[in-house]
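In: Test case, fold it:
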Amino acid sequence: MDFINNLNESQREAVTYSDGPQLVIAGAGSGKTRVLTYKIAYLLEQGVPAHNILALTFTNKAAREMKERIGVLVGPENARYLWMGTFHSICARILRNEAENLGYSRHFSIYDTPDMKSLLKAICKEMQLDDKIYKPAAVLSKISAAKNMLITPEEYAMRADFTKQNRIDRMYNLPEVYKTYQQRLLAANAMDFDDLLMNICVLFHRYPEVLRYYQNIFQYVLVDEYQDTNYAQYLIVKQLAEPQNNVCVVGDDAQSIYSFRGADIRNILTFQNGYPNVKLFKLERNYRSTQTIVNAANSLIHHNENQIFKNVFSEKEVGNRLGVYAYMSDRDEASGIASLIKDEKARDSHLTYDDIAVLYRTNAQSRVLENELRRLNIPYRIYGGTSFYQRKEIKDAIGYFRLAANPKDNEALVRIINYPARGIGDTTLRKVSEYAVAHNISMFEVVQNPLEAGFSASTAKRLQDFASMMAHFIEVMETKDAYEFAETVMRQSGIMTTAALDRSPEGIDRKQNLDELLSGLHEFVQQRIDEGIAFTPIQDFLAEVSLLTDQDENIQDHMARVTLMTVHAAKGLEFASVHIVGLEEQLFPSQFCQSPAEIEEERRLLYVAITRAMKNCTLSFARSRFTNGSLGFTSQSRFLKDIDRQFLQLMDNRAPSTQRFSSTPNIPRTSSIPRFSSTPSTPMTPSSPTTSPIPSDWNPGDRIMHRVFGKGQVLRVYRDEGTGNDKIDILFDEKGQKTLLLTYAKLERLS
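Out: Numbers count the residues shown, from 1 in each chain. Take a look at the predicted model:
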């Protein structure tokens, strides 16, 4: 139990409390993962059996790392039988045992996002719906939102709020699409990610004895990143923790930034209302960042009304103030940031490119940044690119594994039936699909008996040859472990030969990726043998890879590179130096965020961005930016004036690089600090340029239409004496206030 001495007082109190429900509010960089890890180790040391502890995380990577740390503290044998993993992986594990209660077999497939979109696209096409309106991504988003709220297709059709929104979006047939989608999933013995959560709730509701069985197993329930839970996850935790309510949730409401994925901040804000005798713990010491960075982030987030108040502090060095840079254009901003990175790397011999990150609100901002980094020969990586398991050749190979494990998996069959090429074209495949739907059978059953479906003898033979090959693979699967089975499939199907014959650079890369897949399978099987599991079927491998998250799949190379990423992707990471770009109205906060709740989430998003920095943090914005193919003038983000001025320093972009950052933590003179405007439309400069009214066809109050921004009302027309440009200020109905160059505005008069 000596490891308890490694904790500070607040951490130790949270770890050693085990007498009921507890809420641990963990500020950024406060050692949240350590507390959760040590708490589980403490419970094990207190004699709680490992199989009676359930720990829920949001990435498999986090679960693995925590389990390894626990093994170091109490021994790997003591940690082996912990129920630890993501919500989705734990739910999948339970559903494998209970699937027959819901009409599935235990070897059901788990559809990833491309599978879901493919199925929805096919359904909408069959229903002859307009593909410009019923885009797969948009349809999937609506269905996912419903599932996260545990709304079934039948309930969805009855909900007035959904019906109203679907009318606005012109998706009148969405209830029928949702219903058909669920029917097809069940027929294919498949679940999507959201089904894993929803079906657990359905299972526990229909079969109380099954719920009681798992309640008896899980004597302690611990949840990481609780602020990111949706309604289904909230309900799963609440049900499994009853009746003893030995539940510990750890999170930070100030870092709740995933509402677009269904996360509901109310789960953590109201947690204390849902449990009697709950105890609150606050972890407020930040071990990551300098005092100035922590104080700046605090001053920002304190403007939010909906929060659990905490006073995060740092005992590290005071550190430099956050440099604020104002640029004339987005290209100037990118060029300036690239130069800053070059300069700071040259000044600090201990700083590597891996220590530096550029964070932005939207992925589209990366293009101009990439151009400037390349120009200065600065190596970079874009976090969240195509992951290993989403590469075509890997998905093709796994498609064979999936179909062998679950012959009803129509999406897997569609993917592989003509790869490598077998002369089975789209027309044949469409007929197979139509016959399967009409007769309520799987596509594989049609392929096994193609003559009954009316195919010609030549086409039938090609289909039967494929079916025979897959039947052989199904037999092999019963006797060979995951690695041996995969090696057989990849060799006999022809996909390995096809890759080997392609000597182009892309072909060589594909062959190497397939080799890496086999290496990973071999490692997976060997690891299971080391854990005492004698035989590992391919189904176990599929269950693991189907549940990998974005962070789990991110492939890192060994070359030091600057990291470019969205702020959402940066959560949970840290860098010595962080540059946050694009702090402008309509961008950060996003133009799509208008309500007070949405603005508060955007403020939390900037809080997350700032608290990724350990030593250095800069904030920048551009006064003009190309969007939708045209140049528009911008204004500084309202969030800049939310940060206490004493923690900021306006930087002179023209100053020599040696003067850009203070080498000491002393606070500069007040005259060097920007005077922030009381409204978000005033540029952050020491003094605003003068303006004068000009004659024009447009007058304040005129109603106009703009081809990009829609309808709006003219506020004023004037000449900017600083630049000599004639400008027009317009308040758009949906896009907010914008300033346009009068010459290029191309406005249409409405009234």
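In: which ones are touching the closest residue to residue 24 other than its chain neighbours?
Out: Excluding the flanking residues, the one nearest residue 24 by C-beta to C-beta, 6 or more residues apart in numbering is residue 250, at 4.3 Å. The C-beta positions use only the backbone N, C-alpha and C, and glycine is treated the same way. By C-beta atoms under 8 Å, 6 or more residues apart in numbering, the contact list for residue 250 reads 24, 26, 32, 35-36, 222-226.
In: Over to residue 250. Which of the three states is it?
Out: Following DSSP: H, G, I helix; E, B strand; the rest coil, residue 250 is assigned to strand.
In: And it, how far from residue 725?
Out: Using C-beta to C-beta, to the nearest Å, residue 250 is found at 53 Å from residue 725.
In: ditto for residue 527
Out: The gap separating residue 527 from residue 725 is 64 Å, by C-beta to C-beta.
In: Settle it for me: which of those two has more neighbours?
Out: Regarding residue 527 and residue 725, a neighbour count based on other C-beta atoms under 10 Å identifies residue 725 as having more, with 14 against 11.
In: quick one: contacts for residue 451?
Out: 457, 460.
In: and the spatially closest residue to residue 736 that is not a sequence neighbour, what pLDDT?
Out: Excluding its sequence neighbours, the residue lying closest to residue 736 (C-beta to C-beta, 6+ apart) is residue 586, at 5.9 Å. Per-residue pLDDT puts residue 586 at 93.
In: so residue 586 touches residue 734, yeah?
Out: No: in this structure residue 586 lies outside contact range of residue 734 using C-beta atoms under 8 Å: 10.9 Å.
In: And these two? Which one has more around it.
Out: Per other C-beta under 10 Å, whichever of residue 586 and residue 734 has more neighbours is residue 586, with 22 against 11.
In: Specify the beta-bridge partners of that one.
Out: On the basis of DSSP bridges, residue 586 is bridged to residue 590.
In: That one and residue 732, how far apart?
Out: From residue 586 across to residue 732, the span is 10 Å (C-beta to C-beta).
In: same deal with residue 253?
Out: When distance is defined by C-beta to C-beta, residue 253 is 33 Å away from residue 732.
In: The two - which one has more neighbours?
Out: The neighbour comparison of residue 253 against residue 732 (other C-beta under 10 Å) goes to residue 253, with 22 against 19.
In: if we can go back for a sec, identify the contacts common to residue 586 and residue 732.
Out: Contacts common to residue 586 and residue 732, judged by C-beta under 8 Å, 6+ apart, are residue 738.
In: which residues sit in contact with the residue nearest to residue 736?
Out: Here residue 586 is in contact with 634, 735-736, 738 (C-beta under 8 Å, 6+ apart).
In: can you pull out the helices in the stretch 451-600 of the chain?
Out: Ranges of helices in the stretch 451-600 of the chain, per DSSP state H, counting those that start in this stretch, are 457-479, 482-492, 495-501, 505-530, 538-545, 550-553, 567-570, 596-610.
In: what are the ranges of the strands in the stretch 101-250 of the chain?
Out: Along the stretch 101-250 of the chain, counting by DSSP state E, counting those that start in this stretch, strands occupy 109-111, 190-192, 220-223, 247-251.
In: for the stretch 551-700 of the chain, which spans come out with low pLDDT?
Out: For the stretch 551-700 of the chain, the stretches with pLDDT under 70 are 551-558, 628-630, 653-691.
In: quick one: the strands in it?
Out: 562-566, 575-580, 613-622, 624-627, 630-633, 648-650, 691-693.
In: What residues sit buried inside the fourth one?
Out: Taking 16 or more other C-beta atoms under 10 Å as the neighbour-count basis, strand 624-627 is seen to contain the buried residues 624-625, 627.
In: for that strand, packing partners?
Out: Helices and strands touching strand 624-627, by 3 or more C-beta pairs under 8 Å, 6 or more residues apart in numbering; DSSP states H and E, are helix 330-347, strand 630-633.
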